[in-house]
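Undergrad: could you look at this predicted model? Sequence included:
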Amino acid sequence: MLFALLAVTRRWPVRRIGRTVLVHEQEAFRAALTRVPLDRTAAGTTGGAAGELAGAGALFDQHGVEHRDARRDAAALLGAAGVAKLRPIWTKLLDDRLPVLGAGGRVDLVPLSAEIAGATAAALLDLDVDPVRLADAARVSAAAAARAHLPGLGRRRAERSAATAADELLDLVAPPSMRAGAGLNAMLAVAAINTTVAALPRAAAWVCDDGLWEHAENPVLVDELLRVTAPTPLLPRVAAEDANVGGCPVKAGDRLLLVARNAAEAHRRDPSVVAPAPARTAQLVFGVGPHACPGAGLARAQLGDLLAALAPYRPAVVHARADRRSALPGWRSLVVRGTA
């Protein structure tokens, strides 16, 4: 229902429906993130979900100096030096898992992506846990939290399930004796793992379908694939003060649905290494200004390495099954077979 609404309203740059303002156009999208004071703890927002998951202090629900300090810490972990330190983790998994494609074998890229995401998050947070178990817990927690925010008769049951899933994740990322950093650890794990598992298989499937393997090691293709797949296609926010977005008056308390996929023109422009979208447009899938995702460099590195590792085998998709219950659009299974 939501995605049908987004498709119907995307002809308008900004569209109000009751107390909800849908923002599709890129300049309005930028304005909503940089010029509108936001209620970062409101229910139904990323910050609100962070607070429900593990209490305050999870980067997404912070303001002012506290937010800047947390962003600086996250940027240090996920900057160029941090990515270089983490890179051997996923390249070893690729080296171990993909050679079977050389004999025409098959690999399911979804569990591989989950293992990559879990191992990377565990190293990032300095956790001694099974990466597959961590990935499963983060994905279950995110999906349960998303269902708990849907209206309907089963909402209370969904809220209980979300609370149980959150506790199981917290036990992995921050045992009771270390709960001081629970919020940030949990949200970093949820964000990093769910976006990775959503992005990598979808991008690889696009390369398979469009026969783009000759461009697999071109960083322009990586940016273009992230632009069109938009791992986090929708950013829910709530205005803290009256404002104006794209000519539409916004009142304090109005819900803003910022459609990153449309702002990045994913619905208009297919990925192209010959005529790519401007960098300023492609970057929108990672937010903008103080609300830009600090994990953008990590996402680009992981996708670039996956494509480069797959390219020699020229894989083709032989089985695909959508994940109808995940927090983000993605595949439940995406099996590829080597053809080279």
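TA: Perfect, thanks for sending it. Residues are numbered from 1 along each chain as shown.
Undergrad: what's the pLDDT at residue 262?
TA: Among the per-residue scores, residue 262 holds a pLDDT of 94.
Undergrad: tell me if I'm right that it and residue 24 touch.
TA: Yes: applying C-beta atoms under 8 Å, one finds residue 262 in contact with residue 24, separated by 4.2 Å. The way it works is simple: take the backbone N, C-alpha and C, and place the C-beta from them, glycine included.
Undergrad: so what sits against both of these two?
TA: 6, 10 (C-beta atoms under 8 Å, 6 or more residues apart in numbering).
Undergrad: measure residue 185 to residue 124 for me?
TA: 9 Å (C-beta to C-beta, to the nearest Å).
Undergrad: which one's the longest helix in this structure?
TA: helix 182-210 (DSSP state H).
Undergrad: mind listing what's buried in that helix?
TA: 182-208 (16 or more other C-beta atoms under 10 Å).
Undergrad: any idea which helix or strand comes after it?
TA: Going down the chain from helix 182-210, the next helix or strand is helix 219-229, by DSSP states H and E.
Undergrad: pLDDT weak spots in the protein?
TA: Applying pLDDT under 70 to the chain flags the ranges 1-5, 43-76, 149-153, 175-181.
Undergrad: which residues of it fall in helices?
TA: Going by DSSP H, the chain shows helices at 2-9, 26-34, 46-54, 64-78, 80-97, 109-124, 131-148, 155-173, 182-210, 219-229, 260-263, 279-282, 296-310.
Undergrad: nearest to residue 18, out of the ones you listed?
TA: Distance to residue 18, taken as C-beta to C-beta, is lowest for helix 2-9 among the helices of the chain, at 11.7 Å.
Undergrad: my guess is residue 173 contacts residue 190. True?
TA: No: contact between residue 173 and residue 190 fails when scored by C-beta under 8 Å: they sit 9.2 Å apart.
Undergrad: residue closest to the middle of the protein?
TA: Residue closest to the average C-alpha location in the chain (C-alpha atoms, centre = their mean): residue 195, at 3.0 Å.
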